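Colleague: heads up, no residue letters with this:
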């Protein structure tokens, strides 16, 4: 009897030891419980809301290229499985009314008769202006757009602008059988809602380190477009990257103050070069015009060409000799991850932030001085990792910009 007890005791100790070893070799991080049933890639239909024309420049470019790249990666047919709604800016809705009822009330035809002037020539060749009836399509409201997407069988809705935040939460709550993905969203604890955003400022911080290294005079030019808190943060992050690399370097900022101004996007970088004596040009505007100005300064502005750093996509083709690199935002990292999780039944509501560390924000390949610039970037990346806050101790002037920035 005693022997039996001893054998049992030894056996129990042995099993406990095994379980301890097993636990040591196992990832103890708890897996998140899926909050939505799996949707196979072949069954996905993705509706995408844009507040603009979803053209090849601007914020929409980052979203659509990221979605299309992710679609290709996971084997989704962009032509057949992506449904795009453009110019959706009316986000009004009644949260106390069910989506179905609102849809019935709102889903009327969006076409209407209109008259547009058109010029004809009369029998004598004289111009005559007449009003010709045409069919115009009014922009869809957000309710109408999503209603149409759901009618098309969409089971994933991607809202690419902050203006849809409250509306996306409403749609997710009213349509629990679909998944809603919201840019810069604030909704929490909604099982079928996921938010995504990107620390674009990290890319500008790295660009600041590069600009300070490339500049020989320490006088760096920056051209920006429309002004808002995010753009200000990006510019300040850039200036911090400059000062962290060269404490004596200065940034001169010229702004168009609009989303697109092809005239100012040519003249302002020229002024930064000729009037402000900047020897490198960096941009947060979306067209490559500042790159071409920097490249062709000797031809058009009687000034030596200067190096330049692009934004949004690889602009090296636009300034083949002078482009140093470009700041890239790649949302495909997120979309590949979230759509794969959804297809595997591992979707769980939450948030994603694109960073330099996870590969969502980066600088394109350097065109020259690669070894030195790579060394500089690696040092700068260390300051972006972990709990380091590059804005710690930041001082701003009366315009809200860093003290090493001169605004003109």
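Modeller: Cool, got the structure. All values reported here derive from a predicted model rather than from experimental measurement. Numbering: from 1, shown residues only.

Colleague: Now do the strands for the stretch 201-350 of the chain: every range, in order, please.
Modeller: Assigned by DSSP state E, counting those that start in this stretch, the stretch 201-350 of the chain shows strands spanning 219-224, 250-255, 281-283, 308-312, 323-329, 350-354.

Colleague: so of those, which one's packed in deepest?
Modeller: With neighbours taken as mean count of other CB atoms under 10 Å, the strands of the stretch 201-350 of the chain reach their highest mean count in strand 281-283, at a mean of 30. For every residue, glycine as well, the C-beta is placed using N, CA and C.

Colleague: just checking, what packs against it?
Modeller: strand 219-224, helix 264-274, helix 289-295, strand 308-312 (3 or more CB pairs under 8 Å, 6 or more residues apart in numbering; DSSP states H and E).

Colleague: closest one to residue 50 among these?
Modeller: Nearest to residue 50 among the helices and strands packed on strand 281-283 is strand 308-312 (16.0 Å), distances taken as CB to CB.

Colleague: Would you list the strands that that closest one pairs with, along with their directions?
Modeller: strand 281-283 (parallel), strand 323-329 (parallel) (DSSP bridges).

Colleague: now for those strands, which one comes closest to residue 295?
Modeller: strand 323-329 (7.5 Å).

Colleague: Identify the residues contacting that closest one?
Modeller: 62, 198, 200, 203-204, 206-207, 210-211, 214, 280, 291, 295, 307-316, 354, 360-368, 373 (CB atoms under 8 Å, 6 or more residues apart in numbering).

Colleague: Relative to residue 339, how far out is residue 333?
Modeller: As defined by CB to CB, to the nearest Å, residue 333 lies at a distance of 12 Å from residue 339.

Colleague: So which of those two has more stuff around it?
Modeller: residue 339 (25 against 21; other CB atoms under 10 Å).

Colleague: ok, now which ones touch the more buried one?
Modeller: Neighbour list for residue 339: 41, 44, 70-71, 74, 76, 156 [criterion: CB under 8 Å, 6+ apart].

Colleague: and those as CSV, adding neighbour count and distance to residue 229?
Modeller: Listed next are the contacts of residue 339 as CSV, based on neighbours: other CB atoms under 10 Å; distance: CB to CB, whole Å:
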residue, neighbour count, distance to residue 229
41, 16, 37
44, 20, 34
70, 23, 28
71, 22, 32
74, 15, 34
76, 21, 34
156, 24, 29
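
Colleague: Tell me which entries of those lie within helices.
Modeller: Mapping these onto helices (DSSP state H) picks out 70-71, 74.

Colleague: Quick one: those residues as a markdown table, columns for pLDDT and distance to residue 348 too.
Modeller: Converted to a markdown table, these look like this (pLDDT from 0 to 100; distance: CB to CB, whole Å):
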| residue | pLDDT | distance to residue 348 |
| --- | --- | --- |
| 70 | 98 | 18 |
| 71 | 98 | 22 |
| 74 | 98 | 18 |
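
Colleague: Low-confidence stretches in the stretch 51-200 of the chain?
Modeller: For the stretch 51-200 of the chain, applying pLDDT under 70 flags the ranges 56-57, 104-138.

Colleague: Relative to residue 361, how far out is the residue most central in space within the chain?
Modeller: Geometric centre of the chain, nearest residue: residue 62, 5.0 Å, by CA atoms, centre = their mean. Relative to residue 361, residue 62 is positioned 10 Å away (CB to CB).
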